[in-house]
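**Student:** no FASTA, just this:
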Ligand code: URA
């Protein structure tokens, strides 16, 4: 799948990104965690969650007593979307077209891993599976229903949404509180 995704031109993001970044981790994992898109470091290294947001996520998984070996990490969108400011590449939220274009890759990863739980980190990940009106606020930390249209051929894993780890990074004085909320939601995921 990684090989096939390298040549993906399903939307325009391939033109400026370094490479497509597919999921990583055990294909027998119980948890499949979905972020938004690779960041600048992930874009260069070709692996999801290797930058600062990944550190927050690793720490939160550990606090929630979830074994990292039992997690497959991926993103809703496989190419980095950014705008350039001088030498810096500034993250831009993927749009609906980009999220929908990438959805077959995400569904294929879920079918491949067949996790027990899918954890959606943030609005873009939620919107990829649950539609454009999805918001994290009212939906987080509890089991969610899969949409009516049968997205998966196989069984549907439990589904839970929480905040994106980069919200913790941007949290300023509320950073610990936000981190604790993320951890509480991950603990909830382990109970599903
Ligand atoms: N943010 C994401 O959503 N995914 C990554 O892989 C890195 C940062």
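**Tutor:** On my side now, so go ahead. Just so it is clear, the model here is predicted, and its values are computed rather than measured.

**Student:** ok, now which ones touch the closest residue to the ligand within the chain?
**Tutor:** Closest to the ligand within the chain is residue 35: 2.6 Å, counting by Cβ to the nearest ligand atom. C-beta coordinates here come from the backbone N, C-alpha and C atoms, glycine included. Shown in contact with residue 35 (Cβ atoms under 8 Å, 6 or more residues apart in numbering): 48-49, 53, 57, 73-76, 121-122, 125, 164-165.

**Student:** Ok, residue 71 next?
**Tutor:** Residue 71 touches 25-26, 29-33, 61, counting by Cβ under 8 Å, 6+ apart.

**Student:** same thing with residue 146?
**Tutor:** Contact analysis of residue 146 by Cβ under 8 Å, 6+ apart lists 129, 152, 156, 159.

**Student:** re the thing from before, tell me which entries of the contacts of residue 35 lie within strands.
**Tutor:** 73-75, 121 (DSSP state E).

**Student:** So which of those residues reach the ligand?
**Tutor:** For the ligand, the contacts drawn from those by Cβ under 6 Å from any ligand atom are residue 75.

**Student:** Which single one of the ones in strands among the contacts of residue 35 is nearest to residue 114?
**Tutor:** Checking the ones in strands among the contacts of residue 35 against residue 114 with Cβ to Cβ, the nearest one is residue 74 at 13.8 Å.

**Student:** Go ahead and confirm the closest one touches residue 109.
**Tutor:** Yes. Using Cβ atoms under 8 Å, residue 74 makes contact with residue 109 at a distance of 5.3 Å.
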